[in-house]
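> dropping a prediction and its sequence here:
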Amino acid sequence: MSVERGPVNEYEVIWKTGHVDRLMAHQVSWPGGASDAIFGRGTVRPERVRFHAEVDGRWTLMLDAPADEISTVRNVTHVRDLP
């Protein structure tokens, strides 16, 4: 079965340190929900942000980072197109 993911988006990640990264991704998963609440032996699992993209036909993890280290995530795919 083939899945059409459409065009990839460009994201700008601003870290709390002030560093700025740009990356391409089809999907961004922000923490939240029951799956992020408890992990292992009663310890709280750190919340993480995950970026995935299809690269050469394979679903690939592009970035996996602690949510508390990120200040801002912006989709900047069409920013250059604005007047």
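Received the coordinates, thanks.

> who are the contact partners of the nearest residue to Val13 once chain neighbours are set aside?
In this structure, Val13 finds its nearest non-sequential neighbour in Asp21, 4.6 Å apart by Cβ to Cβ, 6 or more residues apart in numbering. In this view, the C-beta of every residue, glycine as well, is placed from N, C-alpha and C. Contacts for Asp21 (Cβ atoms under 8 Å, 6 or more residues apart in numbering) come out as 12-13, 15, 63.

> again, 10 Å this time
Residues in contact with Asp21 (Cβ atoms under 10 Å, 6 or more residues apart in numbering) are 11-15, 63, 65, 70.

> including pLDDT, secondary structure and neighbour count, could the residues you listed go into CSV?
Output for those, formatted as CSV (pLDDT from 0 to 100; DSSP: H, G, I helix; E, B strand; the rest coil; neighbours: other Cβ atoms under 10 Å):
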residue, pLDDT, secondary structure, neighbour count
Tyr11, 96, strand, 19
Glu12, 96, strand, 14
Val13, 97, strand, 20
Ile14, 97, strand, 14
Trp15, 97, strand, 13
Leu63, 96, strand, 17
Ala65, 96, strand, 15
Ile70, 96, strand, 17
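
> re the thing from before, show the pLDDT at the residue nearest to Val13.
pLDDT, Asp21: 96.
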